[in-house]
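Engineer: Here is my input, please return the structure:
(chains A and B)
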2 protein chains.
Amino acid sequence: MSIVVPAGFRFSGVSCGIKQDTTREDLTLIVTDAPAVGVGVYTQNLVYAAPVAVDRQRTPAADIRVVVANSGNANACTGARGIQDAEAMARMAAEACRAQPHQALVMSTGIIGQFLPMERIAAGIRDAASSLGADPASFDRAAQGILTTDRGSKVAGRVLELNDRTIHLAGMAKGAGMIGPRMATMLAVILTDARLEVADAQDCLVAAVADSFNCISVEGHTSTNDTVLLLANGAADGPPLTGSSLQSFQASLREVCIELAKMIPEDGEGASHRIAIEVRGAATRDDAHRIARTIADSALVKTAIAGGDPNWGRIVSAAGYAGVAFDPDRLSLSINGTRLYQLGQPVEFDASATSRSIQEHRETHLLLELHEGSASVTFWTSDLTVDYVRINAEYHT
Amino acid sequence: MSIVVPAGFRFSGVSCGIKQDTTREDLTLIVTDAPAVGVGVYTQNLVYAAPVAVDRQRTPAADIRVVVANSGNANACTGARGIQDAEAMARMAAEACRAQPHQALVMSTGIIGQFLPMERIAAGIRDAASSLGADPASFDRAAQGILTTDRGSKVAGRVLELNDRTIHLAGMAKGAGMIGPRMATMLAVILTDARLEVADAQDCLVAAVADSFNCISVEGHTSTNDTVLLLANGAADGPPLTGSSLQSFQASLREVCIELAKMIPEDGEGASHRIAIEVRGAATRDDAHRIARTIADSALVKTAIAGGDPNWGRIVSAAGYAGVAFDPDRLSLSINGTRLYQLGQPVEFDASATSRSIQEHRETHLLLELHEGSASVTFWTSDLTVDYVRINAEYHT
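Structural biologist: Have a look, this model is predicted:
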């Protein structure tokens, strides 16, 4: 699928030797000539990486020109030198694009606890700055440059007509492991040529992340580096979006974020299924989210789905220890449309047909109905396979 | 290791066809002719099994005579009929031992959501009542009767001299999967011939569980059936323990509970390592427990240990998302005595020597020092191996 690139942005992705495999891109540069509104949402981990510290200080802003990102090294747990390196990386990218240092944002992903190879990064930035392009192929190389254990790039886009202008949204994300329940992406950047007020951009991004990157997990481990950035450069022209136009933009941003977020557990390390956990009828959205997340993080649920086993006991008992008050006698559960548990009681069902349904579909849909209220959430995770363990036991520091 | 059986108790374990493998015991009976003080600590899961509901009503008590337990069927998520079955099982056991119905406690473990095979249970209770013995072999058959996926029975005991009397403590436990962070055993029974006041017995058990069965996990999934019972029948004679004697008893009870609890992650399904997570210098015990538990439940930490990888980044980042406020710049980490991270900074260490140390020892010791206060906790879990996934993907409902 080719993404229509928003106006006014240029992209590049190059290999500069941070990753051991030098055939893979490991440095990404995104540039907008017109200064953009830039906002971010970041990891809630107390132990956060140097680039997160830098970007937190620089956003929200009205004049972002550059995003530089590397894969292969997270620049996390690297102390004061890590902060200096992240600032230097941003400064070099800004200089290469004739921007001011504070106009650059920076992201890193990869191994924790090693210092960035700054000479390679400097060379990579020079290389990337000389190969910027506004075409889809350049966008795709940029999307490649942020990947680590991902099986392929994760991109999504939307085109919409607002106030007689054509607005584009294009996003890229990475993430396949260390995906936790809070602020659960790894890295994502969403670019738009819409014009937005800074506060509206921030509100739109926070709301979109709540329904997308905060509703996924692979193994429930919140990373040190999670970052979602939104850049709006206004190149589509016109005044800032307001009212129903802003709402339409918000709806499209949410769609793009959900589309990107769902690709992450889909690509979860070793995953053979994506599991969609829909909790309906909770008293509050927070209750629904907490129950869905607890089920998503249960190794027993995840191994059952990997094995094609409609093991409702593991699902129901995970809901029971989520720390949410509900009446177990009003709980019902369906898997892939088949009711297995009704108002606190098991019901007769064709276990082999349900097992076949799990095995034959890439996504397994769990529907829990609490009958406590009207709040609902959908949360996505991966199943837990032998290959997940192999990948993560053999990945060495 | 042979356990010295406390005076006044008799035991049996028989096979009555609840488990498919009829060579394995699946029904356990424990009888004390002198009524015992009986106290319990139970699962915190909102979805709790019928035997838990029955025992919760019957404890604490001063006149317990019988504990009946079965493996192979959890009698969980079985509604009103499940409660009737659990009460009937207790009543049959009481009758077989010439006790009153309310003097019997009941425990079940195994598959969720199926009704107990009551005819087999009735036959098993008759069989067990006719084969009771006070010898170590009978005790061991009783310990066998509560096992499910355990590789072997889990027993521990102590003998102590208090007030010129010899006091015995003997415990049995089961559990290897669905072991969660709250009230994290499966089933355990500790028997003593000490004489205790009911309130003292309850306090002693709650305190001992806090340091033992509440400090273990395999995969963080809190079961519907978790139960720890303490029966004190006073057969060692003398007045109820008080003061320093009670404290000595409490210390021994704590030791027995820790010894039993540690056997559970040691025997965690597919485990190749037990991981001891010691958190020191926390502001509160709850903070220490929360950090230890979060690390214990990280699939990334558990797969790293399985792979012999001293991946301190995964451990430090798990501490960071535990939801506890601490200063990351004062955090230090050691693995098996080697310092890897000091006051928020990585330190040089011999990675291959640390990896060898992990591979060569059955237990891996993680020490986190927070320098925030004086509270500490030790928490035990299993590593996450390919075999864990195989066992749990292939265990079918």
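Engineer: Toward the C-terminus, what is the element adjacent to the longest strand seen in chain A?
Structural biologist: Across chain A, the strand with the greatest residue count (assigned by DSSP state E) is strand A:27-42. Once the chain leaves strand A:27-42, the next helix or strand it forms, by DSSP states H and E, is helix A:50-58.
Engineer: State which helix of chain A is the longest.
Structural biologist: Counting residues, the longest helix found in chain A (DSSP state H) is helix A:243-266.
Engineer: tell me the SS of residue A:319?
Structural biologist: With DSSP: H, G, I helix; E, B strand; the rest coil as the basis, residue A:319 sits in helix.
Engineer: State whether residue A:123 is indeed within a strand.
Structural biologist: No - per three-state DSSP, residue A:123 lies outside any strand segment and is helix.
Engineer: Tell me the spacing between it and residue A:148.
Structural biologist: 21 Å (C-beta to C-beta, to the nearest Å). No exception for glycine: its C-beta is placed from N, CA and C like everyone else's.
Engineer: and what of residue A:208?
Structural biologist: Residue A:208 is 24 Å from residue A:148, by C-beta to C-beta.
Engineer: between these two, which one's more packed in?
Structural biologist: Using other C-beta atoms under 10 Å in any protein chain shown, the more surrounded residue of residue A:208 and residue A:148 is residue A:208, with 25 against 22.
Engineer: and stretch A:288-295 with chain B, contact?
Structural biologist: No - contact of stretch A:288-295 with chain B (C-beta under 8 Å from any C-beta of the partner chain) is absent, the minimum separation being 9.3 Å.
Engineer: What's the first helix or strand after the helix or strand where residue A:315 lies?
Structural biologist: Assigned by DSSP H and E, residue A:315 falls within helix A:312-320. Note on helix A:312-320: by DSSP H and E, the next helix or strand toward the C-terminus is strand A:332-335.
Engineer: Show me which residues of the stretch 1-150 of chain A are close to chain B?
Structural biologist: Residues of the stretch 1-150 of chain A lying near chain B (C-beta under 8 Å from any C-beta): A:44-48, A:74, A:76-79, A:111-114.
Engineer: Among these, which one has the most neighbours?
Structural biologist: residue A:74 (30 neighbours).
Engineer: That one touches residue A:115, doesn't it?
Structural biologist: No - with contact defined as C-beta atoms under 8 Å, residue A:74 does not reach residue A:115; the gap is 11.0 Å.
Engineer: sec struct for the residue at the greatest distance from the centre of chain A, please.
Structural biologist: In chain A, the greatest distance from the average C-alpha position (C-alpha atoms, centre = their mean) is reached by residue A:348, at 38.7 Å. Look at residue A:348: counting by three-state DSSP, its state is coil.
Engineer: which residues does it contact?
Structural biologist: By C-beta atoms under 8 Å, 6 or more residues apart in numbering or on different chains, no residues touch residue A:348.
Engineer: Where does pLDDT dip in the stretch 101-250 of chain A?
Structural biologist: Residue ranges of the stretch 101-250 of chain A with pLDDT under 70: A:178-185.
Engineer: Residue A:339 sits in which helix or strand?
Structural biologist: strand A:338-342.
Engineer: partners of that strand, with directions?
Structural biologist: strand A:332-335 (antiparallel), strand A:345-346 (antiparallel) (DSSP bridges).
Engineer: Tabulate those (a markdown table), appending mean neighbour count.
Structural biologist: As requested, the strands paired with strand A:338-342 are exported to a markdown table (neighbours: other C-beta atoms under 10 Å in any protein chain shown):
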| stretch | mean neighbour count |
| --- | --- |
| strand A:332-335 | 21 |
| strand A:345-346 | 18 |
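Engineer: Where among those is average confidence lowest?
Structural biologist: Of all these, the minimum mean pLDDT falls on strand A:345-346 (a mean of 88).
Engineer: the inter-axis angle of the following helix or strand past it versus helix A:312-320?
Structural biologist: Scanning forward in sequence from strand A:345-346 by DSSP H and E, the next helix or strand is helix A:351-360. On the basis of axes from the mean of the first three to the mean of the last three C-alpha atoms, to 10 degrees, helix A:351-360 is oriented at 70 degrees to helix A:312-320.
Engineer: In terms of secondary structure, what does the helix or strand just after helix A:351-360 contact?
Structural biologist: Downstream of helix A:351-360, the next assigned helix or strand under DSSP H and E is strand A:363-369. Counting contacts by 3 or more C-beta pairs under 8 Å, 6 or more residues apart in numbering or on different chains; DSSP states H and E, strand A:363-369 packs against strand A:274-282, helix A:285-296, helix A:312-320, strand A:332-335.
Engineer: Kindly format the C-alpha coordinates of the strand holding residue A:339 as CSV.
Structural biologist: The C-alpha coordinates for strand A:338-342 follow below in CSV (Å, rounded to 0.1, in the frame of the first residue of the first chain):
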residue,chain,number,x,y,z
THR,A,338,-19.7,-18.1,20.0
ARG,A,339,-21.1,-17.6,23.5
LEU,A,340,-19.1,-19.7,26.0
TYR,A,341,-20.1,-18.2,29.3
GLN,A,342,-23.4,-16.5,30.1
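Engineer: angle of that strand against strand A:363-369?
Structural biologist: 30 degrees.
Engineer: Next, the buried residues of stretch A:130-140.
Structural biologist: Using 16 or more other C-beta atoms under 10 Å in any protein chain shown as the test for burial, stretch A:130-140 gives A:132, A:136, A:138, A:139, A:140.
Engineer: Which of these fall in helices?
Structural biologist: A:136, A:138, A:139, A:140.
Engineer: Out of these, which comes closest to residue A:336?
Structural biologist: Minimum distance to residue A:336 across these is 34.0 Å, recorded for residue A:140 (C-beta to C-beta).
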